[in-house]
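Trainee: Structure for this input, please:
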Amino acid sequence: MQNDGKVGPGYRTSTELAMHSPLTRLPVILLQVHDKAAQQLKYELQVLFDNADETLFAMADKARSDAEQSLYFEAMRDVRLKRKNIERSFLERLFFAFLKLTQPDTSESALQDPVPTQSAFSLVIVDSERDQAINAMVTQVLARDQLDLCHLTTRLNTLSWVTLNEHTNPLGPAMLCEYFLQAERDQGVDLKVKLIMLQLFEKYLLSQTSRLYADANQLLVATGVLPEISTGIACCSSSKAGHQHESVVAGEDVNQLVGKLFDYISRDRNLAPPLKKLMGQLQEPMLKIAQLDPHFFSSDSHPARSLLNVMADAAVGWDDSVGVRNEPLYREIEQLLKQLARCPCVDTPELLEELLHDFLRFTHAERGLVEQLEHRTRAREQLQARRLRPLEAGLASALDEQDHLGLLLVSQLRIGTWIELQTNPTCRQRCKLIAIMEPEGRHIFVNRSGVKVVEKSRIDLIGQLRSGTISLLDDRPLFDRALASMIGSLGQYSAH
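Mentor: Numbers count the residues shown, from 1 in each chain. So this is what the prediction gives:
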């Protein structure tokens with residue numbers, strides 16, 4: 001039986017989240033934006049439900065008949081019983097909406113419970129009174145916060161695989177209303193009560209979207225996503241995502257584009273300093289390739305692009321604790337660079353494919369040895385887990401009640417995810433998740449050699465992810481990350 005990195009009762013759900021789930025892990029910046037927004041929205045939902053009792057009681061007191069009064073009292077009991085599930089469902093839908101931004105093929109979405117599209121949103125609202133209420137609420141938010149929402153949409157478009165507008169932005173008023181309506185529908189809330197709850201939703205949540213958008217924009221600006229946006233930029237003209245990048249860069253000067261590409265590489269926090277220095281030597285060969293081959297920026301499968309991607313991927317585990325100059329991988333990259341420098345015909349596809357093939361053969365052999373060590377490490381941890389008493393089995397359910405949002409955050413850690421751990425102010429250590437031991441929820445991390453270096457509980461991970469002492473490394477290919485950054489800067493330049 002194939003090992004999936006999980007041990008213990010109830011492992012299926014965690015395994016699906018951590019390893020077998022087809023969902024693409026959120027990039028670090030999107031994860032931070034989601035978490036910040038979810039914290040605010042969770043608080044506002046709690047305020048909403050805290051005030052729902054008082055509102056429904058006042059309406060029951062003013063009821064015109066015993067039947068109407070009974071309806072409101074029944075609604076009070078119903079809301080008390082269902083509030084926790086409604087809050088949870090709302091936050092899960094928000095989470096899935098952010099995950100959908102990472103899906104490159106929207107025609108085959110891997111989401112188990114996808115957020116409806118705008119057309120589905122219209123179909124859901126079949127009651128005319130509710131339809132009017134939703135439209136009025138959305139219109140009011142757009143009238144008040146359209147500029148901030150537009151800027152947020154523009155910034156998210158530089159990170160997203162799908163093109164967003166003010167209606168499909170996961171933090172836009174239309175989507176927020178949709179999460180709430182669907183959460184209530186899941187719990188079977190009465191239509192008349194839904195209308196009352198929508199009024200409370202507008203009062204306690206939609207009235208606070210100005211702060212929601214300001215905080216999200218501030219966070220994105222702080223991480224370098226379009227620090228300046230012209231007020232003349234429209235949401236519909238914001239940068240496209242994913243495979244639409246190429247059409248935007250097509251008209252740009254090749255020299256400038258290659259310069260921007262390597263400027264990004266020099267600043268990319270995913271790349272260890274020794275690798276940045278090595279890859280900097282590729283700028284001249286890559287410029288020659290781009291000048292002679294028009295498909296360099298437009299073809300995902302271009303061997304030169306693939307070479308950059310696999311080099312970055314192979315060295316993802318390099319950190320401050322590794323003397324990389326003595327590593328076989330370092331010497332292999334050095335040798336590859338020398339071959340490129342010696343050959344005057346670097347634009348020849350056959351040469352590039354041969355270099356790529358040789359490098360992949362080397363990395364596959366190296367990875368095979370590392371995977372053997374990882375397997376032994378995982379086996380030892382599994383043996384230890386079987387010996388543990390199931391005393392900790394209740395911890396997961398207790399944490400689930402206390403911090404469901406935190407569990408969603410940790411669920412982004414799939415088997416194979418690389419993290420960067422700040423061990424002290426001057427040293428950062430990189431390690432990879434290879435196993436999650438249930439029921440206690442121990443996360444086992446190894447270095448790039450396959451040796452265990454640290455283990456973390458779910459509670460530890462939640463705290464350290466939020467504090468920033470642990471950060472997730474962006475697992476998108478290097479070239480895709482660079483293009484997203486370049487598109488953002490080009491869109492900003494053209495706006496001026």
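
Trainee: use CA for all of it now, contacts and neighbours both
Mentor: Fine.

Trainee: from what I can see Ile86 touches Ala183, true?
Mentor: Yes - look at Ile86 against Ala183 with C-alpha atoms under 8 Å: they come within range, at 5.1 Å.

Trainee: pull the longest strand from the protein.
Mentor: Secondary structure of the chain per DSSP state E: the longest strand is strand 427-437.

Trainee: Sheet-wise, list the partners of it with their directions.
Mentor: Neighbouring strands of strand 427-437 in its sheet, by DSSP bridges, are strand 6-7 (parallel), strand 418-424 (antiparallel), strand 442-446 (antiparallel).

Trainee: Now the longest one: buried residues?
Mentor: Put plainly, it is strand 418-424. By 16 or more other C-alpha atoms under 10 Å, the buried positions in strand 418-424 come out as 418-422.

Trainee: Then stretch 357-366?
Mentor: 359-360, 363.

Trainee: got a list of contacts for that stretch?
Mentor: Residues from elsewhere that reach stretch 357-366 (C-alpha atoms under 8 Å, 6 or more residues apart in numbering): 310, 314, 329, 332, 336.

Trainee: Now with 10 Å, please.
Mentor: 303, 307, 310-311, 313-315, 328-329, 332-333, 336, 351-356, 367, 370, 449 (C-alpha atoms under 10 Å, 6 or more residues apart in numbering).

Trainee: Buried only: go through the residues you listed for me.
Mentor: Buried subset of the contacts of stretch 357-366 (neighbour count, 16+ other C-alpha under 10 Å): 303, 307, 310-311, 313-315, 329, 333, 351-353, 355-356, 367, 370, 449.

Trainee: Among the residues you listed, which ones are in helices?
Mentor: 303, 307, 310-311, 313-314, 329, 333, 351-353, 355-356, 367, 370 (DSSP state H).

Trainee: now for those, which pair is the farthest apart?
Mentor: Farthest pair in these (C-alpha to C-alpha) is Leu351 and Val370. Separation: 28.8 Å.

Trainee: can you list the weak-confidence ranges in the stretch 151-300 of the chain?
Mentor: Along the stretch 151-300 of the chain, the parts satisfying pLDDT under 70 run over 189-192, 230-252.

Trainee: ok, which stretches of it are helices?
Mentor: 173-186, 191-204, 209-222, 245-249, 254-267, 273-280, 283-292 (DSSP state H, counting those that start in this stretch).

Trainee: Okay, angle between the last one and helix 254-267 too, please.
Mentor: Think helix 283-292. Interaxial angle, helix 283-292 versus helix 254-267 (axes from the mean of the first three to the mean of the last three C-alpha atoms, to 10 degrees): 150 degrees.

Trainee: Check which helices and strands helix 283-292 sits against.
Mentor: Counting contacts by 3 or more C-alpha pairs under 10 Å, 6 or more residues apart in numbering; DSSP states H and E, helix 283-292 packs against helix 254-267, helix 303-314, helix 328-342.

Trainee: The helix or strand hosting Gln69: how far from the chain's middle?
Mentor: In this assignment (DSSP states H and E), Gln69 forms part of helix 66-100. Computed by C-alpha atoms, centre = their mean, to the nearest Å, the chain-centroid distance of helix 66-100 equals 27 Å.
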